[in-house]
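A.B. asks: Got a sequence here, can you model it:
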Amino acid sequence: MRFLPVNLDALLVELDDLPQTLALLASLQSEPLRGIEELVPAARTLLVRYRPSMVSRAALVAAIGARSLDATVERMATLIEIPVSYSGEDLDEVAQMLGITREEVIRRHTGSEYTVAFTGFAPGFAYLSGGDPGLDVPRRTTPRTRIPAGAVGLAGQFSGVYPQASPGGWQIIGVTATPMWDLSRDVPALLQPGFRVRFVDVTQRAAVALAPPALVAGPSTATTTSTASPAAPVAAHEGSSLEIRSTGLQALFQDLGRHGQAGQGVSASGAMDQGALRAANRLVGNASDAACVEIVYGGFHAVCHGDAVVAFTGAEAPIEVTTASGLRLAASGYQAIALSDGDSVVLGEPRAGIRSYLAVRGGFTAAPVLGSRSTDTLANVGPAPVAAGDTLPIHRSTVGAIVGAPEQPPHDLPTTHEVVTLDVVMGPRTDWFTPEAVALLASQTWTVTPQSNRVGLRLAGAQSLTRSNPAELPSEGTALGAIQVPPSGQPVLFLADHPLTGGYPVIGAVATHHLDRAGQIPIGARVRFNPIQAFEIDITP
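C.D. replies: You can find the predicted model right below:
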């Protein structure tokens, strides 16, 4: 058992194999340790996120290291059959790599029973283990930018089904119409850890619509083919609201995140600058975790119907209020703003930072999805993006809610005019890179490219990072702030909507105290990483 640093509030436990990982996971779930907030299992690792104020890393390492790994995790009775048309674009290449015919690939894939080992990468994406050991193929050297929903793939000794269209590097051998993720089901993910899975060849019936999954044994499981939440009747709203005239580049509902859904492959998402979201809610008298509208690069315009108290925080941007009578007034961020019926408010282009947060006293009435009002742009989970023409109803304010006094905005919001320094915790895979690459990470500046978004900042440097270990890395949990290095050697800094697991090595992670700052970095800015602690490995006795 090895313990690898991930961040100031997370560590990675590396084990010998999947059975040990599942045994440790079962132990920590049945007898939880104080301070652990989330567990993300993978092929040979367990990502542990914890609260440092409740438990130290040393104490956590000692407690986890004392757990037995001898227990065998029993599989559930539930067996799901998934019909597959074996027409994937990589089927012939996989057969060639293995030195067998395509028919033999299909026979081996359908002739074995799989078990859902863990979930990750995307909501409803299950890593299936226990198939034919001969079906062991590496990921593609260059991942595809788009793999269709329902694609059935192989990577290493795992098989899996892509729940939705997304980038990916697995070898695609077939396709199924069976929905892996459906928010209209009581449990949206069809495949749960421990479920058994069998693939059924329906290639010859490809012209006929594929059937829903067959539940062969076990408890009742819904098999509807819908991929979106059913439409609910919209009730008339009595009270104030904001009519949206323009949203700028992007406007999304966000709160503090969707925690505790790792078992379904769902990451937390949430506001990119959580300190700014909390401040906006304090200013209008809301609970700190109430949903706000996260606005990117300004350009937001809304008209108030009824009376409301609002506040903008985050990016440094001009705010203008136009009263119903036509009087124009300049307003400031980080203070409460009273709006009357017919008043309009405009948020301009930021001078520093890029993300602003709009809170309204009482909160917005957006419906939660899996316990959160955050919109996850990678997973497509959460409320729809705010659009021009929308009317956002406002809850009546809670009796006794107190509007806060003005707060001090941050003094060092990132701009494109100076280098943005981010503290970094090295690990967990720093030792997969050459000493020159580790030094290069901190010594050169990295430019934020236009391909960046809420999933991550894609960075470009004059020199790429080279690996000393060329091996295939089994998928493992990834944390917010992780700096993942794909084969190009140009790093990606994972942000709020990052995948729960990843298959490329992580050289370090932006320290927790600089995550909000990372969420405010504009396109074109230059970034420098500052390692704040050396790479360390703890090994239990």
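
A.B. asks: Touching the longest helix seen in the chain from outside, list them.
C.D. replies: Longest helix in the chain, counting residues (DSSP state H): helix 18-30. Contact with helix 18-30 is made by 13, 15, 36, 39, 41-46, 48, 64, 67-73, 117-118, 129, as judged by CB atoms under 8 Å, 6 or more residues apart in numbering. C-beta: built from backbone N, CA, C; applies to glycine.

A.B. asks: mind running it again at 10 Å?
C.D. replies: The set of residues external to helix 18-30 that reach it, using CB atoms under 10 Å, 6 or more residues apart in numbering, is 1, 13-15, 17, 33, 36, 39-46, 48, 63-64, 67-74, 115, 117-118, 127, 129-130, 157-158, 193-194, 263, 474, 476.

A.B. asks: Pull out the buried members of these.
C.D. replies: 1, 13-15, 33, 36, 39-46, 48, 64, 67, 73, 115, 117-118, 127, 129-130, 157-158, 193-194, 263, 474, 476 (16 or more other CB atoms under 10 Å).

A.B. asks: These in helices, which ones?
C.D. replies: Counting by DSSP H, the part of the buried ones among the contacts of helix 18-30 found in helices is I64.

A.B. asks: so of the buried ones among the contacts of helix 18-30, which ones are in strands?
C.D. replies: Counting by DSSP state E, the buried ones among the contacts of helix 18-30 place 13-14, 36, 39-41, 45-46, 48, 115, 117-118, 127, 129, 158, 476 in strands.

A.B. asks: now L47, nearest residue through space, not along the chain?
C.D. replies: G477 (3.0 Å; CB to CB, 6 or more residues apart in numbering).

A.B. asks: Break down the stretch 201-350 of the chain into its strands, ranges please.
C.D. replies: Secondary structure of the stretch 201-350 of the chain (DSSP state E, counting those that start in this stretch): strands at 214-217, 241-247, 250-254, 292-296, 300-305, 308-316, 319-322, 328-331, 337-339, 344-347.

A.B. asks: Save these as JSON lines, and put in mean neighbour count and mean pLDDT too.
C.D. replies: Shown next, in JSON lines, are those (neighbours: other CB atoms under 10 Å; pLDDT from 0 to 100):
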{"stretch": "strand 214-217", "mean neighbour count": "13", "mean pLDDT": "53"}
{"stretch": "strand 241-247", "mean neighbour count": "18", "mean pLDDT": "98"}
{"stretch": "strand 250-254", "mean neighbour count": "24", "mean pLDDT": "98"}
{"stretch": "strand 292-296", "mean neighbour count": "26", "mean pLDDT": "98"}
{"stretch": "strand 300-305", "mean neighbour count": "22", "mean pLDDT": "98"}
{"stretch": "strand 308-316", "mean neighbour count": "26", "mean pLDDT": "97"}
{"stretch": "strand 319-322", "mean neighbour count": "18", "mean pLDDT": "98"}
{"stretch": "strand 328-331", "mean neighbour count": "12", "mean pLDDT": "96"}
{"stretch": "strand 337-339", "mean neighbour count": "19", "mean pLDDT": "96"}
{"stretch": "strand 344-347", "mean neighbour count": "22", "mean pLDDT": "98"}
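
A.B. asks: Return the set of buried residues in stretch 424-440.
C.D. replies: For stretch 424-440, burial by neighbour count (16+ other CB under 10 Å) applies to 424-433, 437-438, 440.

A.B. asks: Please read the previous query as pertaining to stretch 29-39.
C.D. replies: In stretch 29-39, counting by 16+ other CB under 10 Å, buried: 33, 35-36, 38-39.

A.B. asks: Could you do stretch 146-162 as well?
C.D. replies: 147, 149-162.

A.B. asks: one step back: so the longest helix of the chain versus strand 36-41, what angle?
C.D. replies: Taking axes from the mean of the first three to the mean of the last three CA atoms, to 10 degrees, one finds helix 18-30 and strand 36-41 inclined to each other by 160 degrees.

A.B. asks: and helix 18-30, what's its mean pLDDT?
C.D. replies: When pLDDT is averaged over helix 18-30, the result is 93.

A.B. asks: tell me the angle of it relative to strand 114-119?
C.D. replies: Using the same axes, to 10 degrees: helix 18-30 against strand 114-119 is 60 degrees.

A.B. asks: Now do helix 18-30: distance to the chain's middle.
C.D. replies: Computed by CA atoms, centre = their mean, to the nearest Å, the chain-centroid distance of helix 18-30 equals 23 Å.

A.B. asks: Closest to I402 out of the buried residues of stretch 424-440?
C.D. replies: V425 (37.8 Å; CB to CB).

A.B. asks: Let me see the confidence value for that closest one.
C.D. replies: pLDDT, read off for V425, is 97.

A.B. asks: isn't it right up against R57?
C.D. replies: No. Counting by CB atoms under 10 Å, V425 sits too far from R57 to count as a contact (11.2 Å).

A.B. asks: what do those two both touch?
C.D. replies: Here V425 and R57 have 5, 8-10, 536 as joint contacts, going by CB under 10 Å, 6+ apart.

A.B. asks: Which of the residues you listed ranks first by neighbour count?
C.D. replies: For the shared contacts of V425 and R57, the largest number of neighbours (other CB atoms under 10 Å) sits with A10, at 27 neighbours.

A.B. asks: coming back round to it: pick the one among the buried residues of stretch 146-162 closest to T322.
C.D. replies: Closest to T322, out of all of these and judged by CB to CB, is A149, at 44.9 Å.

A.B. asks: Go ahead and confirm that closest one touches D182.
C.D. replies: No. Using CB under 10 Å as the test, A149 is too far from D182 to be in contact (11.6 Å).

A.B. asks: thinking again about what came up before, biggest separation within the buried residues of stretch 146-162, which pair?
C.D. replies: It's A149 and Q157 that sit farthest apart of the buried residues of stretch 146-162, by CB to CB, at 23.7 Å.
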